[in-house]
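Student: predicted model and sequence below, questions to follow.
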Amino acid sequence: MSSLDHYGLDQHWLTEFENHSRNRILARVVRVDRGEFDAVTDSGIVRCTGSNTCTGDWVTLDENSFRLMAILPRRTAIERASAGSTSEAQVLGANVDTVVVTVASDTALDLGRVERYITLAWGSGGVPVLAITKNDSGSVDEERILAAAPGVTVCSTSAVSTGGIDSLTGHLRGTVALIGPSGSGKSTLGNALLGGSAFATGATRDADGKGRHTTVHRELVPIPASGLVLLDTPGLRSVGIQGSEDAVASAFSDIEELAALCRFGDCAHEHEPGCAVLAAVDEGELTERRLGNYRKLLRENAWATSRHDARARSEKLREYKQISKSLRRKYAADGRGR
C-alpha cells in the first residue's frame with residue numbers, strides 16, 4: 001500500500017490526475033506554511049514550493065523540483081468569511097468528507113455558536129457530526145444540543161476514559177476535519193482517534209474556561225487502522241458564514257420545514273398572518289433565540305455574498321480596463337509604424 005493510499009487516494013483523484021502530463025507526480029497537501037508546503041507522495045512526504053494551496057488539497061508537482069504545478073478541483077472545502085475588509089473566503093481545509101464539531105462539557109453551552117459551526121460544516125459539502133467532549137469533566141444539556149443540530153449525529157465522548165470514541169469512529173468517513181473553539185478538546189479528541197499523541201494539547205484557563213491555541217497549523221494525519229485521515233485545525237475566534245444559503249437551510253431544517261407550511265411562499269416570519277414559524281414560537285415548539293439566530297445567519301450570509309459579488313464585478317471591470325489599455329497601445333503603435 002502506497003503512502004497516498006493512507007491519505008485518501010481513490011479512483012476519483014486518479015482519474016483527475018490522468019489529465020496531466022507525465023512529468024508530474026500526484027500528491028496531497030498535509031501542511032501549509034508561507035510560500036511552502038509539505039505534501040505526501042507515493043515516495044513519502046516532500047517539501048514543496050508554491051502558493052494558494054490549503055491542507056487537504058490534491059495537487060500535481062514537478063517530479064524533479066517538487067514545485068507546485070496544479071491544484072486539482074476540490075470536491076469539498078470548509079470556508080469561512082474573512083474577518084477583515086477583504087471579501088475572499090478563508091479555506092480551512094479541502095476535500096473533507098466528515099466535519100466533526102466539538103462542544104466541551106466543561107464550558108458554558110453557547111447554542112448560537114453551535115449553530116454557527118454546524119452551518120459552517122454543512123456549507124463545506126461534508127457531513128457534520130457533533131462530538132460532545134470531556135463528558136467526564138462536566139455535564140451538558142444534550143437535549144438542547146440535539147434541538148440546535150437537527151439531522152446531525154451527536155456523540156458524547158471522553159478522551160480520558162475513551163468512552164464514546166468507538167461510537168464516534170463508526171460515524172466517520174474518509175477525511176475527517178475537527179473544528180471548534182479553543183479549549184473544546186479538538187486535539188485531545190484527535191489523539192484519542194489516532195491512538196497516540198500526534199497533536200499538541202493544553203489545559204483550559206481556570207479564569208474563563210477558554211483554551212490555549214495549542215494547534216497552530218492545519219495538519220493532515222492518517223489513521224491506517226480505520227482507513228480515516230484526520231485534519232486538526234486551530235481554534236477559531238470567529239466563524240463567518242459565506243455564500244451558502246443552503247447551508248443555513250440545512251442547519252435550520254426544522255425552521256425550513258415549518259416555513260413550508262406558511263400561508264405565503266415569501267413569508268419573512270416577522271408578522272405575516274398564517275406564519276407557521278411564528279405559530280411554533282407561540283406554542284413553545286421553537287425558541288425565539290433559535291429563530292433570531294436563523295435570521296442573523298441569513299443576513300450575514302447575504303451580506304458576505306454581496307461583498308463577494310461586488311469584488312467579482314470589480315475584478316471584471318479591472319480586467320476590461322487592462323485589455324482596453326493594451327489595445328489602445330497596440331493601435332497607437334500600429335499607427336506610428338505606417
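Tutor: Structure's in. What do you need? Computed from a prediction, not measured in an experiment: that's the story for all the values here. Numbers count the residues shown, from 1 in each chain.
Student: where in the stretch 1-150 of the chain is pLDDT low?
Tutor: Counting by pLDDT under 70, the stretch 1-150 of the chain shows low-confidence ranges at 1-2, 82-87, 137-138.
Student: residues contacting stretch 287-300, please?
Tutor: Stretch 287-300 is contacted from outside by 81, 111-112, 115-116, 119, 147-148, 240-241, 245, 248, 251-252, 255, 269, 277, 281, using Cβ atoms under 8 Å, 6 or more residues apart in numbering. The way it works is simple: take the backbone N, C-alpha and C, and place the C-beta from them, glycine included.
Student: strands of the protein, start to end?
Tutor: In the chain, the strands defined using DSSP state E lie at 24-33, 36-41, 44-49, 58-62, 68-71, 77-81, 89-94, 98-104, 127-133, 153-156, 175-179, 219-223, 228-232.
Student: what pairs with the second one, parallel or antiparallel?
Tutor: It refers to strand 36-41. The strands that strand 36-41 pairs with in its sheet are strand 24-33 (antiparallel), strand 44-49 (antiparallel) (by DSSP bridges).
Student: among those, which comes closest to residue 180?
Tutor: Across the strands paired with strand 36-41, the minimum distance to residue 180, taken as Cβ to Cβ, is reached by strand 24-33, at 19.8 Å.
Student: work out the gap between that closest one and the centre of the chain.
Tutor: Counting by Cα atoms, centre = their mean, to the nearest Å, strand 24-33 is centred 19 Å from the centre of its parent chain.
Student: return the most buried member of the strands paired with strand 36-41.
Tutor: Highest mean neighbour count among those (mean count of other Cβ atoms under 10 Å): strand 24-33, with a mean of 21.
Student: are any of the contacts of stretch 287-300 buried, and if so which?
Tutor: The neighbour-count test (16 or more other Cβ atoms under 10 Å) applied to the contacts of stretch 287-300 identifies 81, 111, 115-116, 119, 148, 240-241, 248, 251-252, 255, 269, 277, 281 as buried.
Student: can you show me the helices along the stretch 151-300 of the chain?
Tutor: Residue ranges of the helices in the stretch 151-300 of the chain, as given by DSSP state H, counting those that start in this stretch, are 165-169, 186-194, 245-251, 253-259, 276-282, 288-336.
Student: what comes up buried for stretch 52-70?
Tutor: Of all the residues in stretch 52-70, those buried under the rule 16+ other Cβ under 10 Å are 53-62, 66, 68-70.
Student: ok, stretch 35-44 next?
Tutor: In stretch 35-44, residues buried by neighbour count (16+ other Cβ under 10 Å) are 37, 38, 39, 40, 41.
Student: what residues are bridge-paired with the last one?
Tutor: So that's residue 41. Beta bridges link residue 41 to residue 44, judged by DSSP bridges.
Student: list the contacts for it?
Tutor: Neighbours of residue 41 in contact, by Cβ under 8 Å, 6+ apart: 3, 4, 25, 26, 27, 61.
Student: adding distance to residue 15, write the residues you listed out as CSV.
Tutor: CSV is the format used below for the contacts of residue 41 (distance: Cβ to Cβ, whole Å):
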residue, distance to residue 15
3, 19
4, 14
25, 16
26, 11
27, 16
61, 18
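Student: which one of those is nearest residue 126?
Tutor: The shortest gap between residue 126 and any of the contacts of residue 41 belongs to residue 4, at 20.3 Å (Cβ to Cβ).
Student: nearest residue to the closest one other than its sequence neighbours?
Tutor: residue 42 (5.7 Å; Cβ to Cβ, 6 or more residues apart in numbering).
Student: any idea how far the one you found is from residue 242?
Tutor: Here residue 42 is placed at a distance of 35 Å from residue 242 (Cβ to Cβ, to the nearest Å).
Student: next: residue 133.
Tutor: Between residue 133 and residue 242 the computed distance is 27 Å (Cβ to Cβ).
Student: how about residue 173?
Tutor: Between residue 173 and residue 242 the distance, using Cβ to Cβ, works out to 25 Å.
Student: who has more neighbours out of these two?
Tutor: Taking residue 173 and residue 242 together and counting by other Cβ atoms under 10 Å, residue 242 has the greater number of neighbours (22 against 13).
Student: for that one, give me its contacts.
Tutor: Taking Cβ under 8 Å, 6+ apart as the contact definition, residue 242 lies against 79, 80, 81, 89, 123, 301, 304, 305, 308.
Student: what about 7 Å?
Tutor: With contacts defined as Cβ atoms under 7 Å, 6 or more residues apart in numbering, residue 242 is in contact with 79, 80, 81, 89, 301, 304.
Student: now, which of the residues you listed sits nearest residue 97?
Tutor: Within the contacts of residue 242, distances to residue 97 taken as Cβ to Cβ reach their minimum at residue 79, with 15.9 Å.
Student: can you tell me, leaving aside adjacent residues, what's nearest to that closest one?
Tutor: Here the residue nearest residue 79, using Cβ to Cβ, 6+ apart, is residue 89, at 4.1 Å.
Student: then residue 267?
Tutor: With sequence-adjacent residues excluded and distances taken as Cβ to Cβ, 6+ apart, residue 267 is closest to residue 275, at 5.4 Å.
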